[in-house]
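Enquirer: What shape does this take:
(4 chains)
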There are 2 protein chains.
Amino acid sequence: MRAAGRVMDKSSNNTGEEEAEAGRPTLKTLAFMTGLGVTTVSRALKDAPEIGAETRKRVQLVARQIGYRPNRAGVRLRTGKTNVISVVLNTTEQIGGFLSDFIYGISERLAATPYHLVVAPYSHNNDPMEPIRYVVETGSADGIIISRTEPNDPRVRYLTERGFPFAAHGRTAMGIEHAYHDFDNETFARLAVRRLAELGRRRLALLAPPPALTYHQHMRGGFLDELDRHGQSEAPFSSVSSDNIIDDIRRHTIELMRRTGRPDGIICGAGGPAFALIAGIEAAGFKLGRDVDLVAKEPFNLLQLVRPEIHVVEEDFRLAGRDLATAVLSSIDDRSAAPMQRLVVPAEVIAPR
Amino acid sequence: MRAAGRVMDKSSNNTGEEEAEAGRPTLKTLAFMTGLGVTTVSRALKDAPEIGAETRKRVQLVARQIGYRPNRAGVRLRTGKTNVISVVLNTTEQIGGFLSDFIYGISERLAATPYHLVVAPYSHNNDPMEPIRYVVETGSADGIIISRTEPNDPRVRYLTERGFPFAAHGRTAMGIEHAYHDFDNETFARLAVRRLAELGRRRLALLAPPPALTYHQHMRGGFLDELDRHGQSEAPFSSVSSDNIIDDIRRHTIELMRRTGRPDGIICGAGGPAFALIAGIEAAGFKLGRDVDLVAKEPFNLLQLVRPEIHVVEEDFRLAGRDLATAVLSSIDDRSAAPMQRLVVPAEVIAPR
DNA sequence: GCAATATACTGAAACGTTACAGATTCTCCA
DNA sequence: TGGAGAATCTGTAACGTTTCAGTATATTGC
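Expert: Next up is the predicted model:
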């Protein structure tokens, strides 16, 4: 009864507006259809307490029926909320790219939310800060995911100073508590060294990530310390990093294997470059599993498939993506909440099959 | 003189507005600073002819100085223009993912434009039409890039009917002229068969993409026809496609190699799955290059690195990304222009090194 | 029976932009 | 000299949303 009365009132009030009934439904359309004011509709849709229960249901029903979807630009203009997560990526990123799974992981987490994922690239010759500044200055996202984290990362400092929600793939070492997801590369290195020790390998080389990245330290730290415990020695291999292009790695590996102090065990801190390592080892005339053992990260389950004689540790980038998305979302939700920090500790080295 | 006079006028006119001087500069800020109206500023920035040359320069100078950047939400709300390209991806996509390069290619092309790239995922169990409908209905992008194109693709029909700019990775066969970038998989298959014929291989198997996808037809077409020309026969291998998970492919390959009519040549229509093929061949006790030859796509230059005895054809996904981005942009720019259609024809099969 | 208060709704304004429909000044020609 | 027309600028409205400051009606307390 009440409802009906109001409907009559309002519809006659609103008829001046000449509803075209074309295009996407907006709040105005809903207001017209329900006979309510735009404000009421807006509030009813977000379950505001000052709207009658019946009205709320009615509005929501109609909205669902006609497939109302809030206009993102409208919301964004009014509130500043973009419903966007920006993932900043280095386009000169490594071989073969773990990136697919990373992106899929993020998407997966975002799928059930109103958030969109935008990919903001930067190339090696640009300033990594540039896309970050852009996002913050133009407010083009509600949160940022960064990767290739450094111990003293200007992006982390910048974002923290401004209180802008973000999560990093990798840790820092600058006394700032921030959200991150990281793979425990120290443990990875330890496990790898230990395995090679078990196999009787005495002289090990490590293909590490570039020194600037935090996980270089972690990996080398674990490597060196564990080397010490087992009385093994290092075959220096720092002329190249897992960031180099395939051919560089292959060439340097050949050179490494031909040195006097060549290693009998190699550890590779990434997936793709392991292929180049293998190629180099074999090109130098050595045989995997006999002359030298290799422990590598296995990001796509392809490595051990073609070279069953290598030892692998699995790293899950899809999980990293999901985790980081979750972390940013909760940062956005409550900026003062404790940042999500997850360290994934590898449990085992998978032996050759 | 003139300019100065106007500045005085306008600034006194505008002083009612109490410029806070905080936050991002907007047109209003610029208007205040230059002493012009916001309309004039807006037009000056986009080089409208009805604005005096001097004014235009002045406005643009000030804009550059204070780092003015148009508010995307404002533009989008007013004009409907989003400056967004949406790339719709299947998150259950294949092994190892060529996706990184694809995305990087798109980003690369978009970098110098005002466009952002948003990734819209769908999983195997969802309707592939869903993200497409979402984008079109909510107008959340100016253009779409789709992949995994089918001969009679409902997405292509839908987008064409609505005149929505898009480009497809792959062709269709439905009498619709649309923008695409495609790798010539027919030629790929022909080259592969020819190479295997040269090697004396008589009985060939093809690991094709799923039958639903257009390039399945192309690849199989070229394969069968060329098979005929050389008087070779086919070893049926349709129980599995290059979309299957690694382990399925490996198992089916073992089974294939143990059959009576086992192949002495195999062609693999994708990069990742080749690893599984190799594993299967070897698990069945055969040797690559001796018992059987393999021709595969090489998307990341990793395959031949660890298995120098295989023959590869390079497919460049970064180029595909760049191309598709270019195609959508030009579609957006002029909807009636002839759609960009590019077929990349592979020239050679790279022999083992 | 009347004020105070709670309940359920409302219009107007604002976010930043562009399109529309003028307004003002200047130039040039009859 | 006067008026048409070009050149250059202007304010207002609108896109769809949320917030602010109400208004009207119903309910309560005394």
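
Enquirer: which bits of the stretch 1-150 of chain A sit near DNA strand C?
Expert: Proximity of the stretch 1-150 of chain A to DNA strand C (CB under 7 Å from any atom of the strand) is limited to residues A:6, A:10, A:13, A:35-40, A:43, A:50-55, A:77-78. Placement of C-beta: from N, CA and C, glycine included.

Enquirer: Would you list the buried entries among those?
Expert: Using 16 or more other CB atoms under 10 Å in any protein chain shown as the burial test, these include A:10, A:35-36, A:40, A:43, A:51, A:55, A:77 as buried.

Enquirer: Also near chain B: which of these, exactly?
Expert: Among those, the residues lying close to chain B (CB under 8 Å from any CB of the partner chain) are residue A:77.

Enquirer: Show me where the stretch 151-300 of chain A has its helices.
Expert: Taking DSSP state H, counting those that start in this stretch, the helices of the stretch 151-300 of chain A run over residues A:154-161, A:185-198, A:214-229, A:246-258, A:272-283.

Enquirer: Packed most tightly, which of these would that be?
Expert: Each of the helices of the stretch 151-300 of chain A was scored by mean neighbour count; the highest is helix A:272-283, a mean of 26, by mean count of other CB atoms under 10 Å in any protein chain shown.

Enquirer: And that helix, how far out from the chain middle?
Expert: Helix A:272-283 sits 27 Å away from the centroid of its parent chain (CA atoms, centre = their mean, to the nearest Å).

Enquirer: and it, what does it pack onto?
Expert: Applying 3 or more CB pairs under 8 Å, 6 or more residues apart in numbering or on different chains; DSSP states H and E, we find helix A:272-283 packed against helix A:246-258, strand A:265-268, strand A:293-298, helix B:303-306.

Enquirer: how about those in TSV, adding mean pLDDT?
Expert: What follows is the helices and strands packed on helix A:272-283, written out as TSV (pLDDT from 0 to 100):
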stretch	mean pLDDT
helix A:246-258	95
strand A:265-268	98
strand A:293-298	94
helix B:303-306	82
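
Enquirer: Contact residues of the stretch 51-200 of chain A facing DNA strand D?
Expert: Contact residues (CB under 7 Å from any atom of the strand) of the stretch 51-200 of chain A with DNA strand D: A:70-71, A:73-75, A:77-79.

Enquirer: give me that answer again for 10 Å
Expert: Contact residues (CB under 10 Å from any atom of the strand) of the stretch 51-200 of chain A with DNA strand D: A:63, A:68-81.

Enquirer: doesn't residue A:288 make contact with residue A:307?
Expert: Yes - at 6.4 Å, residue A:307 counts as touching residue A:288 under the criterion of CB atoms under 8 Å.

Enquirer: what does the stretch 1-150 of chain A have sitting close to chain B?
Expert: So the stretch 1-150 of chain A meets chain B at A:24, A:67, A:69, A:71-74, A:76-77, A:82, A:84, A:89, A:91, A:93, A:95-101, A:103-104, A:107-108, A:111, A:116-121, A:123, A:137-140 (CB under 8 Å from any CB).

Enquirer: Are any of the residues you listed buried, and if so which?
Expert: Using 16+ other CB under 10 Å as the burial test, the residues of the stretch 1-150 of chain A next to chain B include A:71-73, A:76-77, A:82, A:84, A:89, A:91, A:93, A:95-101, A:103-104, A:107-108, A:111, A:116-121, A:139-140 as buried.

Enquirer: Now render the helices and strands packed on helix A:272-283 as a markdown table, adding distance to residue B:151.
Expert: Below are the helices and strands packed on helix A:272-283 laid out as a markdown table (distance: least, CB to CB, whole Å):
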| stretch | distance to residue B:151 |
| --- | --- |
| helix A:246-258 | 36 |
| strand A:265-268 | 43 |
| strand A:293-298 | 37 |
| helix B:303-306 | 29 |
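
Enquirer: Reformat those into TSV and put distance to DNA strand D next to each item.
Expert: Output for the helices and strands packed on helix A:272-283, formatted as TSV (distance: least, CB to the nearest atom of the strand, whole Å):
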stretch	distance to DNA strand D
helix A:246-258	50
strand A:265-268	50
strand A:293-298	44
helix B:303-306	50
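
Enquirer: closest one to residue B:292 among those?
Expert: Closest to residue B:292 of the helices and strands packed on helix A:272-283 is helix B:303-306 (CB to CB; 15.6 Å).

Enquirer: Show the pLDDT at the closest residue to residue A:225 other than its chain neighbours.
Expert: Of all residues beyond its chain neighbours, the one nearest residue A:225 is residue A:190 (7.4 Å), with distances taken as CB to CB, 6 or more residues apart in numbering or on different chains. pLDDT, residue A:190: 98.

Enquirer: Please apply the same query to residue A:14.
Expert: With respect to pLDDT, residue A:14 has a value of 34.

Enquirer: cool, and the one 4 residues further on?
Expert: On the pLDDT scale, residue A:18 is placed at 44.
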